[in-house]
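In: Here is the input, now give the coordinates:
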Amino acid sequence: MKTIMVWLFILVAMANAGDYKKDWADLREKIGKEKLEAHLSDWRTREPENPDAWIHSANFALEQGEAVNFQNRGKGPLPEGNYELVEKDGKITIVQNGKEVGEVGPGGYNPEAVRKAGGYLVEALKKWPHRADIHCGLATIYARGDLWKEHIATLESFGAAAREQAGKLRWCHNEELGAPEADFVADKLHSFALRQFEQETKEGDARLFAIAKIAIAACPKSAKGYNDAAIYHGLTKNWKAAQPMLEKAAAVAPEDTLVWMNLGDNFVRLKDKAGARKAYQRVLDLNPPEELRADARKKLDELGKAAK
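Out: This next block holds a predicted model:
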């Protein structure tokens, strides 16, 4: 059960207007798949100081390691026999004797291809450590290959870069971040933590906690790292350990209603009714959306009944 509320949002940075998806599609169409590898090799030689050459080389290497999965629409493996692959509504379906029996979907990535793709971005970061998009892209590549040790190490490097390159961080095509650096970095780290949270495994939970600690070190004035650490302690039912994390989150983000709701709930678990009342009242004072307001009122009413 997910006992502490978490900020939920899509990893917007991986799909914003300044990213490389369209650039990569245009390059493939212009050069042709057969000539891409040679073109990229020549590009890296001709323009070693152009980050685009290294980023697109990583895209190419990753694509070469992408596998496909033949999925049965029923239970068990696909039955034996001859099949026809038919494109329908943008998907490849598997047809046998005129009947759709399955579909072709993504099947993950070859770890060696992932390491090769990652290698290009590792080299890029030696030259451009201020490029937050390359840090995040490298972490995403490692996650696709289930290379979790490398994934966490990359996020640690991103956190270190946020401190060492403070005031210099840039995004795709060397664009400005579009948000205060600390908020931007905290949001990105939180989005990676959220993906681990959603796995609902012990290994994912451990990675969630590791990323939360990275966020706290990199962005100590953001509530997100503290709240994510509290979520981890909530998953392990260690409410005492969650409490100082939530209190710190409230201290750095006194206007955040989500933080105060989580803090109030944790006070209840620790049987501190006075603390819970104060936290829920703070939520109401901040004039939150009606759903959150109603929840805070309900919990205050329950505390009032319990006191009689």
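In: Worst mean pLDDT across the helices and strands of the chain, which element?
Out: strand 66-72 (a mean of 60; mean pLDDT, DSSP states H and E).
In: so how far is whichever strand or helix holds Thr45 off the chain centroid?
Out: In the assignment (DSSP states H and E), Thr45 maps to helix 36-46. Taking CA atoms, centre = their mean, to the nearest Å, one finds helix 36-46 lying 31 Å from the centre of the chain it belongs to.
In: Same question for stretch 40-50.
Out: 30 Å.
In: Dump the C-alpha coordinates for that stretch into PDB.
Out: The C-alpha coordinates for stretch 40-50 follow below in PDB (Å, rounded to 0.1, in the frame of the first residue of the first chain):
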ATOM      1  CA  LEU A  40      28.000   9.200 -37.200                       C
ATOM      2  CA  SER A  41      31.600   8.000 -37.000                       C
ATOM      3  CA  ASP A  42      32.700  10.600 -39.500                       C
ATOM      4  CA  TRP A  43      30.600  13.300 -37.700                       C
ATOM      5  CA  ARG A  44      32.300  12.600 -34.300                       C
ATOM      6  CA  THR A  45      35.700  12.900 -36.100                       C
ATOM      7  CA  ARG A  46      34.900  16.100 -37.900                       C
ATOM      8  CA  GLU A  47      33.100  17.800 -35.000                       C
ATOM      9  CA  PRO A  48      34.400  16.300 -31.800                       C
ATOM     10  CA  GLU A  49      33.200  19.400 -29.900                       C
ATOM     11  CA  ASN A  50      29.600  19.100 -31.200                       C
END
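In: Now do the buried residues in that stretch.
Out: 40, 43-44 (16 or more other CB atoms under 10 Å). The C-beta positions use only the backbone N, C-alpha and C, and glycine is treated the same way.
In: before we move on, back to that, which secondary structure elements does the helix holding Thr45 sit against?
Out: helix 21-31, helix 51-64 (3 or more CB pairs under 8 Å, 6 or more residues apart in numbering; DSSP states H and E).
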